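> Any chance you could fold what I've pasted below:
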Amino acid sequence: MPATTQSAVPSTAPKRSLRWRVVDIVVASVLAVAIGVVFKLWEFGYEPISAVAGLVLPGTQALFGGVWLLAGPVVAIVVRKPGAALYAEMVAASVEALVGTQWGWLTLEAGLVQGLGAELVLALFLYRAYRLPVVVLAGAAAGLALGINDTVLWYPGLDAAFKTAYVVSAVVSGAVIAGLGSWLLVRALAATGVLSSFAAGREHARRSQAPGTTSADTVATDTTTPAAEQAERGSRAAR
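Numbering: from 1, shown residues only. Next up, the predicted model:
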């Protein structure tokens, strides 16, 4: 009777490490600094647009505040480590404050609150899920933090109707601009190949190899480790 052999494939896939690597810190910092410059540039566009929106329907100027929430979701999708969203918002806010902004050093307080909003949602999913609905929810949470923070600090004396419109507009802006926008931005970056060392880049490569699947169907989690990849290659060679 011929002997049977079993491949040395582990019964369970190794868990993805949530510890920060040096490359995570470098890439997160570069992205956050770049987005911090965008924050500063957006001030020039925000002022006239928000003034018009405020005249048409007071409170809706927050519809354009989602640009200041981009850093957290973008870096979180790329790095996928605990604290990534908060780190990115704080770095980007620091850049904006250092360059000079009308809000002064309260920009750091805003970055802290907004980063925590996105971070809370990602933590609820144990930093494992980065699909579009999760990212949109994280952006909406950051928008909620923005809306509440602004109404408390900058508009304390205005009526409830204004504050409600402002908070709702901030949530919508966070979901669309910071949520959907960051997801599309990371997809565009992954298509260039610069994210090949990250899960987002590998997911893009898998989607390109399997044209029959859609990006919304891809579960955005990275459970493959270098050791697992090497073991898999070894088992294939043995067969």
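> Please give the three-state secondary structure assignment for the residue nearest in space to the middle of the chain.
Geometric centre of the chain, nearest residue: P73, 1.2 Å, by Cα atoms, centre = their mean. Secondary structure, DSSP: H, G, I helix; E, B strand; the rest coil: P73 is helix.
> In space, what's closest to it - neighbours in sequence excluded?
Excluding its sequence neighbours, the residue lying closest to P73 (Cβ to Cβ, 6 or more residues apart in numbering) is S182, at 3.7 Å. (C-beta placed from N, C-alpha, C; glycine too.)
> so what's that neighbour up against?
Neighbour list for S182: L70, P73, V74, I77, V135, G139 [criterion: Cβ atoms under 8 Å, 6 or more residues apart in numbering].
> mind checking which helix or strand it is in?
helix 181-192 (DSSP states H and E).
> about what we covered before: who wins for neighbours among the contacts of S182?
Ranked by neighbour count (other Cβ atoms under 10 Å), these have P73 at the top, with 34 neighbours.
> residues contacting that residue?
Taking Cβ under 8 Å, 6+ apart, one finds A85, A118, V135, A138, G139, A142, A178, G179, S182, W183 in contact with P73.
> Pull the strand or helix carrying the third one out as CSV, backbone CA atoms only.
Right, V135. Using DSSP H and E, V135 falls within helix 132-153. The C-alpha coordinates for helix 132-153 follow below in CSV (Å, rounded to 0.1, in the frame of the first residue of the first chain):
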residue,chain,number,x,y,z
LEU,A,132,-15.2,50.8,1.8
PRO,A,133,-18.1,50.7,4.3
VAL,A,134,-15.7,50.7,7.3
VAL,A,135,-13.6,53.5,5.9
VAL,A,136,-16.7,55.6,5.1
LEU,A,137,-17.9,55.0,8.7
ALA,A,138,-14.5,56.1,10.0
GLY,A,139,-14.7,59.3,7.9
ALA,A,140,-18.2,59.9,9.2
ALA,A,141,-17.1,59.5,12.8
ALA,A,142,-14.2,62.0,12.2
GLY,A,143,-16.8,64.3,10.7
LEU,A,144,-19.0,64.0,13.8
ALA,A,145,-16.0,64.8,16.0
LEU,A,146,-15.3,67.9,13.8
GLY,A,147,-18.9,69.1,13.9
ILE,A,148,-19.3,68.8,17.7
ASN,A,149,-15.9,70.3,18.4
ASP,A,150,-16.5,73.3,16.1
THR,A,151,-19.9,74.0,17.5
VAL,A,152,-18.5,74.0,21.0
LEU,A,153,-15.4,76.0,20.4
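> any idea which helix or strand comes after it?
Downstream of helix 132-153 (by DSSP H and E), the next one is helix 160-173.
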